[in-house]
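[1] Predicted model and sequence below, questions to follow.
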Amino acid sequence: MTPKRGPRFKAVLAMFLSVIPAVGQAQTGNIPRGPDGKPDLSGVWQVLNSAAWDLQDHTGALDFPPGQSVVEGGTIPYLPAAAAKQRDNFEHRETDDPAEVTCYLPGVPRATYMPFPFEIIQTPNVIVFSYEFAHARRHVFTDGSPHPAGFPDFWMGDSRGRWEGDTLVVDVTNLDERTWLDRAGNFHSDALHVVARYTPIDASHVMYEATLEDPKVFSRPWKISMPLYRRIDKNVKILEYECVYYLQDKRYGNAKPVGVPQ
Amino acid sequence: MKAVLSRISAATAVLAFVVTAVPLSAQEKAAAKYVAPRTADNHPDMQGAWARRGVGLQEANAPSTPLGDFGSTGQPYPTVFNTGVFTTQDRSVLQGRPAGVIDPADRVLPWRPEADAARRAFIPKMIPPASLAYVEKAARCVLPGPLEADDRHPYQIIQRPGYFVMMYEYNHVTRVIPTDGRAHVGSNVQLFMGDPVGHREGETLVVDTTNFNDKTSLGRTVPYHSDALHTVERFTRIDPNVLDYQITIEDPKMFTRPIKIAGTFQAADPKTELMEFACAEGSQVLPNVFGFELAPGRGQASK
């Protein structure tokens, strides 16, 4: 007993139905969403810029790709003494860079724009960031829990997140002062406080913005922004970049032991 | 009412008699009938914080070794946050369950004679290390391979449709295990943790891992393995507070047949947050062994 419908009815129905998703798309685009309606950031992401070498405008050099500043307003507002320390860092970057030379955990926000992919694994209460460089990992708790009181600093900080509409806002404290912000020696102190914002643009792009506040080093809070690109390669996976192992092979591979570990 | 109760208790006594008369293997089958809650994609839900127990390659007739027992629980260890993982839940389901090497039953590992001879020659050169190649793998702060994470730090499992994710606090290891049927990465990609792919078999998640490099160890007396290593792990939630864990170690260049190890993951405090375990950033083991810094910084670069 299915009533027969003419082509005109079908056309009208199709037009009517097409309006509903169109209204939805205006609000949401084709952003993947979880069962809770929040954007689902899960996947493998990577930047396409040279911020890892220098956040600010810089000219190309050997093993140093050129790039334009990702800093809002162009330059980092250093206090005078801090500006001198940054210049010193820059001159000694070949020996002093704690991430790319020493292979330490890269810290926040630098882990985001290292020239390596990272994976986001999102669940309702915790969003895991797993980075290929040095297999660094962060847990962004979105369960409303506060930063732990009385804790020391961590190389990757302590991250607590919340949603503002479709934007994931991550508050990062407890950051160790020994990490740098890039290969050019831009740096911070243990007073660094980072507020990062991840705003989906569409299914394969997220706008990343981070505000850095550190009254010991900067005269005011300042902001960087850059898109994150989804790695859509077939079978893309985070592999391993075990920086410290390669460095040990290079430094100690032909060396003669002199002692025994205590 | 009283009569009903006494009848029930009489029935219970009979039932208890019947149950105790049943052989152990049937009891294990009964335990396996626990059905775990399900995830959104209908996998057994194993999410939460866990303590690993009993997983290790302790062999019979092992050569003596100068190395400390790095992987076991209860040893003094200079860590700030976790000197152990507390598991306070009911663990009666564990009674009588085997742990450690279960096949071969006598724990005499099926060594290839030439591989056994090679490692017996290798072990005495580890302390003091004859060269970097003889330094204990754990001292290099590398990813630990299939067995050499420790039991003092918690683990956390999260699941998403298509993924089973196992995070270790120990050396911040993250294993993202796809369960979407994809193939392993190409054979020329070698990894410390190998390339895992998972699939569900009833109540069990089976993880097949290939693509290992030969740069991790399997135990105190098995200081290395070959790049032919292949593991199959089986995770089964047999109780709200217990994951049964089995791992089969296959390395045809080292052993004549696979070795099977059993252990458990036991529920940790649900409020457990994994802390940061930074290893290379603070370790002075290699600088002490070789007498100069790994990354010298300015002024010592010529060393």
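    Sure thing, it's come through.
[2] C-alpha only now, for contacts and for neighbours.
    OK.
[3] The helix or strand that A:R197 is a member of - contacts with which helices or strands?
    Here A:R197, judged by DSSP states H and E, is contained in strand A:193-202. With contacts defined as 3 or more CA pairs under 8 Å, 6 or more residues apart in numbering or on different chains; DSSP states H and E, strand A:193-202 has these neighbours: strand A:167-173, strand A:205-213.
[4] Kindly reformat these as JSON lines containing mean neighbour count, mean pLDDT and distance to chain B.
    Listed next are those as JSON lines, based on neighbours: other CA atoms under 10 Å in any protein chain shown; pLDDT from 0 to 100; distance: least, CA to the nearest CA, whole Å:
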{"stretch": "strand A:167-173", "mean neighbour count": "21", "mean pLDDT": "98", "distance to chain B": "14"}
{"stretch": "strand A:205-213", "mean neighbour count": "20", "mean pLDDT": "98", "distance to chain B": "21"}
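[5] just so I know, which of those strands lies nearest A:D63?
    strand A:205-213 (25.5 Å; CA to CA).
[6] about what we covered before: mind listing what's buried along the strand holding A:R197?
    Counting neighbours by 16 or more other CA atoms under 10 Å in any protein chain shown, one finds that the buried residues in strand A:193-202 are A:H193, A:V194, A:V195, A:A196, A:R197, A:Y198, A:T199, A:P200, A:I201.
[7] List, one by one, the residues from the stretch 1-150 of chain A near chain B.
    Within the stretch 1-150 of chain A, the residues that sit near chain B (CA under 8 Å from any CA of the partner chain) are A:H92, A:T95, A:D96, A:V101, A:T102, A:Y104, A:L105, A:T123, A:S130, A:H135, A:A136, A:R137.
[8] Can you show me the helices along the chain?
    Went with chain A since none was named. Here chain A has its helices, by DSSP state H, at A:7-28, A:80-91, A:93-96, A:110-113, A:243-252.
[9] My question was about chain B, not that one.
    Secondary structure of chain B (DSSP H): helices located at B:2-21, B:24-31, B:113-122, B:285-290.
[10] mean pLDDT lowest for which of the ones you listed?
    Of all the helices of chain B, the minimum mean pLDDT falls on helix B:2-21 (a mean of 39).
[11] Make TSV out of the buried residues of strand A:193-202 and add pLDDT.
    Conversion of the buried residues of strand A:193-202 to TSV gives the following (pLDDT from 0 to 100):
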residue	pLDDT
A:H193	98
A:V194	98
A:V195	98
A:A196	98
A:R197	98
A:Y198	98
A:T199	98
A:P200	98
A:I201	97
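[12] OK, contacts around A:T59?
    A:P65, A:P66, A:G67 (CA atoms under 8 Å, 6 or more residues apart in numbering or on different chains).
[13] go with 7 Å
    A:P66, A:G67 (CA atoms under 7 Å, 6 or more residues apart in numbering or on different chains).
[14] Might you enumerate the residues of chain B proximal to chain A?
    B:127-132, B:142, B:172-173, B:191, B:276, B:280-281, B:285, B:288-291, B:294-295, B:297-298, B:301 (CA under 7 Å from any CA of the partner chain).
[15] Which of these are buried, as a ChimeraX select command?
    To isolate the buried ones among the residues of chain B next to chain A in ChimeraX, judged by 16+ other CA under 10 Å, type:
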select /B:127,128,129,131,132,142,172,173,191,276,280,285,288,289,290,291,294,295,297
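[16] what's around A:E242, how many residues?
    A:E242 has 18 neighbours, counted by other CA atoms under 10 Å in any protein chain shown.
[17] Could you do B:F164 as well?
    The burial count for B:F164: 24, using other CA under 10 Å.
[18] any idea of the pLDDT on the residue lying closest to B:V55 once chain neighbours are set aside?
    Nearest residue to B:V55 in three dimensions, chain neighbours excluded: B:G263, at 4.8 Å (CA to CA, 6 or more residues apart in numbering or on different chains). The model reports B:G263 with a pLDDT of 94.
[19] May I have the beta-bridge partners of B:G263?
    Counting by DSSP bridges, B:G263 is bridged to B:Y245.
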